[in-house]
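A.B. asks: how would this look folded up:
(2 chains)
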Number of protein chains: 2
Amino acid sequence: MAEFDFIRAAFGRPHPRVPIWIMRQAGRYLPEYRAVRERVSFLELCRSPELIAEVTAQPIDIFGFDAAILFSDILLPLEPMGVTVAFGEGGPTLNPPVRRPEDVLRLHPYAPSEKLACVLDGVRATKKKLGDTVPLIGFCGAPFTLASYLVEGGGSWNFTEVKRFLYNYPRQAESLLGKLAEVTGQYLKAQIEAGADAVQLFDSWGGILSPELYRRFSLPYIRTVFDICRTEHIPRILYLNFTRPFLKDLAELDCEVISVDWRTDIKEALTIADGKAIQGNLDPHLLLGSEELICEEVNRILDATAGSDGFIFNLGHGILPETPVANVRLVVDLVHSFGRTT
Amino acid sequence: MAEFDFIRAAFGRPHPRVPIWIMRQAGRYLPEYRAVRERVSFLELCRSPELIAEVTAQPIDIFGFDAAILFSDILLPLEPMGVTVAFGEGGPTLNPPVRRPEDVLRLHPYAPSEKLACVLDGVRATKKKLGDTVPLIGFCGAPFTLASYLVEGGGSWNFTEVKRFLYNYPRQAESLLGKLAEVTGQYLKAQIEAGADAVQLFDSWGGILSPELYRRFSLPYIRTVFDICRTEHIPRILYLNFTRPFLKDLAELDCEVISVDWRTDIKEALTIADGKAIQGNLDPHLLLGSEELICEEVNRILDATAGSDGFIFNLGHGILPETPVANVRLVVDLVHSFGRTT
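C.D. replies: Numbers count the residues shown, from 1 in each chain, chains lettered A, B, ... in the order given. Model prediction:
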């Protein structure tokens, strides 16, 4: 079996065509996904290996992406630690939130192979369904991002509660982050053992910190996670929103790919993270724009990365639910036809 | 009269002590401000020259800041263009929002000296009240940031509407931004003529764009504004949140000071914007933290900028309403005593 373009690009090895996948490619913008969700709730879907495999494969069949990403949610690993996670219309809520130093004590590490068996069965079912078509990316949330959800008790606009906690109880925050690093590292390792061909760690909210405090409250725990799940031949990807201020630090991580947001100059990223592959970085909102501007921006990114063996096309953040399917097809076609004269 | 430390620092000239002021220093965290607001509404306050002078001077009397910033709101210049602005509990709302290309046609430039006379009278009253104690900073919102409010119809979490507008109707967006640049440039010029000793342009939301599109939709209009209000001896400051990806572009602007967010490495900022002064960059949330961490981070910034004649201490964004007054006093004292042995 020939090695996938996505895997070759992740390791910076020559490959014939720029690979593309899109964060949240299995999701609400797809009518086929919404049809499944009419039959089951979000949590039922996340816990059914067969449905996980079905929706994970949908965008591969529809668009011909070069990699599948497991359909799941970054908050699933939190429930077995001792918190209730509910997915409502207004976003997720976590109860009770972590607000006092002593709240950290009631959260416990656990063995993901047992408590998250349905997700791991989902990995196996998806691998079976995908066969040899495309590689499967497993994922989880970075410790800092998960800690943000735990302290805020859900999503947040300005992250006042998590910062209040970090800046008043730094040592207890470090204890919480250590527990989360252990769980998420073991969780990614279990996904790899179940068949994942690559793993991505989502530090969606780490970019709310100053670089100084990112080095204290996020980076060391990312290192622990990547240490635990380190395996030859399995690329490890870090996604960080608001990437640019942190690029030099990320360049020194022991991982294969840095996934950057749309504010990051993609050429600077390739230069600063020399030796690593770069993934990104179209603004997801461009897919709500005109065909003309989409073509302009996709081609600008392709031109800027032409000649690099370590580039994977993606968005700079997850695809928006209101994205027209036709625009996704346009981007995939532009990327796949890039550099071809026929 | 000796030149103020703040003005000397803005022009990169030697001065005895690091100057400090704080964005939104006249505001809700202050009991003295809240007492005024018990008597009048936000808009009544914004339109009363006497009360503007009173609340603008409050933080100077209380903390000994090195500059006062006019109490006002960046949305005031929008109403005379033909939109209704209301300030409610959940933030401002603008009606009707700009959503279709033809909506741009109904917004008109105007003469700020007439339509915003109460603000300009506020500048004069404040100058009179401050006397020779500290310089007064005038300000307004950058064209892109004001356009964001106009299209969103208020604040926003992910700016979907303004991006949808820009990415579908770029030419009409440019027409809107051109009108805003004319109004804001004239408005800053009028504030200077009324007595402002410095002006700051707030591009609070420009950082939601990719650098490529920032160069198209924000930078050219900032240039127009700074062109219009260019005056010898009056420093022009640009504040941009999410500063780092845009620093090289900002360094080339014709202005005196770049005010950076807390994600920006302050040493990198001084290097990249060589020849300009830098203002910033403590995370406002640190003022909700422990005294120990506040001291650590303030001293880190002071150490990193020691030896530069072009540094003004500030936060990386506006002060939070829940900030304890004691922590503001702590920061001012740390900054003012820095480098002194007695």
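
A.B. asks: show me which residues of the stretch 151-300 of chain A sit near chain B.
C.D. replies: The interface of the stretch 151-300 of chain A toward chain B, taken as Cβ under 8 Å from any Cβ of the partner chain, is made up of A:157, A:159-160, A:163-164, A:166-168, A:170, A:207, A:209-213, A:242, A:244-245, A:262-265, A:281, A:283, A:285-286, A:288-290, A:293, A:297, A:300. No exception for glycine: its C-beta is placed from N, CA and C like everyone else's.

A.B. asks: narrow the residues you listed to those in helices?
C.D. replies: Taking DSSP state H, the ones among these that sit in helices are A:160, A:163-164, A:166-168, A:170, A:211-213, A:293, A:297, A:300.

A.B. asks: could you give the bridge partners of the residue nearest the centre of chain A?
C.D. replies: What sits nearest the mean C-alpha location of chain A, by Cα atoms, centre = their mean, is A:F202, with 4.3 Å. When bridges are assigned using DSSP bridges, the partners listed for A:F202 are A:G141, A:Y239.

A.B. asks: just the strands in the stretch 51-200 of chain A please.
C.D. replies: Ranges of strands in the stretch 51-200 of chain A, per DSSP state E, counting those that start in this stretch, are A:68-69, A:84-88, A:91-95, A:136-141, A:198-203.

A.B. asks: tabulate those strands in CSV, adding columns for distance to A:G275 and mean pLDDT.
C.D. replies: CSV is the format used below for those (distance: least, Cβ to Cβ, whole Å; pLDDT from 0 to 100):
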stretch, distance to A:G275, mean pLDDT
strand A:68-69, 24, 98
strand A:84-88, 38, 94
strand A:91-95, 36, 95
strand A:136-141, 21, 98
strand A:198-203, 18, 98
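
A.B. asks: got the phi and psi for the closest residue to chain B within the stretch 201-342 of chain A?
C.D. replies: Nearest to chain B, among the residues of the stretch 201-342 of chain A, is A:G289, at 2.7 Å (Cβ to the nearest Cβ). Listed backbone geometry of A:G289 is phi -100, psi -170, with angles given as degrees, to the nearest 10.

A.B. asks: isn't it up against B:Y167?
C.D. replies: Yes: judged on Cβ atoms under 8 Å, A:G289 makes contact with B:Y167 at a distance of 2.7 Å.

A.B. asks: what sits closest to A:Y167 if chain neighbours are left out?
C.D. replies: The shortest distance from A:Y167 to any non-neighbouring residue, by Cβ to Cβ, 6 or more residues apart in numbering or on different chains, is to B:G289 (2.7 Å).

A.B. asks: shouldn't the one you found be in contact with A:V162?
C.D. replies: No: taking Cβ under 8 Å as the definition, B:G289 is not a contact partner of A:V162, at 11.8 Å.

A.B. asks: so those two - more neighbours on which side?
C.D. replies: Each of B:G289 and A:V162 had its neighbours counted (other Cβ atoms under 10 Å in any protein chain shown), and the higher figure belongs to A:V162 (27 against 21).

A.B. asks: residue contacts, the more buried one?
C.D. replies: A:147-148, A:151-152, A:156, A:205 (Cβ atoms under 8 Å, 6 or more residues apart in numbering or on different chains).

A.B. asks: list the buried ones in the helix or strand where A:A304 lies?
C.D. replies: Using DSSP states H and E, A:A304 maps to helix A:291-305. Neighbour-count burial for helix A:291-305, counted by 16 or more other Cβ atoms under 10 Å in any protein chain shown, picks out A:294, A:297-298, A:301-302, A:304-305.

A.B. asks: go on, stretch A:248-257?
C.D. replies: Residues A:250, A:253, A:255-257 are the ones in stretch A:248-257 that count as buried (16+ other Cβ under 10 Å).

A.B. asks: from those residues, pick the one nearest A:F226.
C.D. replies: Within the set of the buried residues of stretch A:248-257, A:C255 lies nearest A:F226; the separation is 5.1 Å, counting by Cβ to Cβ.

A.B. asks: so which of the ones in helices among the residues of the stretch 151-300 of chain A next to chain B is the most crowded?
C.D. replies: Neighbour counts for these, by other Cβ under 10 Å, peak at A:L166, which reaches 27 neighbours.

A.B. asks: okay, now the residue lying closest to it once chain neighbours are set aside: neighbour count?
C.D. replies: If the residues on either side of it in the chain are set aside, A:L166 comes closest to A:A173, at 4.7 Å by Cβ to Cβ, 6+ apart. As a burial measure, the neighbour count of A:A173 was computed by other Cβ under 10 Å and equals 22.

A.B. asks: surely A:A173 meets A:F144?
C.D. replies: No: in this structure, A:A173 is not within contact of A:F144 by Cβ under 8 Å, at 9.3 Å.

A.B. asks: overlap in contacts of those two?
C.D. replies: Taking Cβ under 8 Å, 6+ apart as the contact rule, the neighbours common to A:A173 and A:F144 are A:F217.

A.B. asks: count the residues that sit near the residue nearest to A:T224 when sequence neighbours are not counted.
C.D. replies: Take A:T224 and drop its neighbours on the chain: the residue closest to it by Cβ to Cβ, 6+ apart is A:A181, 4.0 Å away. Applying other Cβ under 10 Å, we find 24 residues neighbouring A:A181.

A.B. asks: for A:A181, report the pLDDT, please.
C.D. replies: Taken from the predicted model, the pLDDT recorded for A:A181 is 98.

A.B. asks: what sits against it?
C.D. replies: Residues in contact with A:A181 (Cβ under 8 Å, 6+ apart) are A:143, A:221-222, A:224-225, A:228.

A.B. asks: please redo it, this time with the cut-off set to 7 Å
C.D. replies: Contacts here follow Cβ atoms under 7 Å, 6 or more residues apart in numbering or on different chains; on that basis A:A181 touches A:143, A:221, A:224-225.

A.B. asks: same check, this time on A:L70
C.D. replies: With Cβ under 7 Å, 6+ apart, A:L70 has these contacts: A:52, A:56, A:122-123, A:126, A:136-139.

A.B. asks: chain B: which of those is nearest?
C.D. replies: A:F139 (21.5 Å).

A.B. asks: which strand residues bridge A:F313?
C.D. replies: Applying DSSP bridges to A:F313 gives these bridge partners: A:I20, A:G280.

A.B. asks: now stretch A:15-30: average pLDDT?
C.D. replies: Per-residue pLDDT over stretch A:15-30 has a mean of 97.

A.B. asks: check which residues of that stretch are buried.
C.D. replies: A:15, A:18-27, A:29-30.

A.B. asks: distance between the ends of that stretch?
C.D. replies: End-to-end distance for stretch A:15-30: 29 Å, by Cα to Cα, to the nearest Å.
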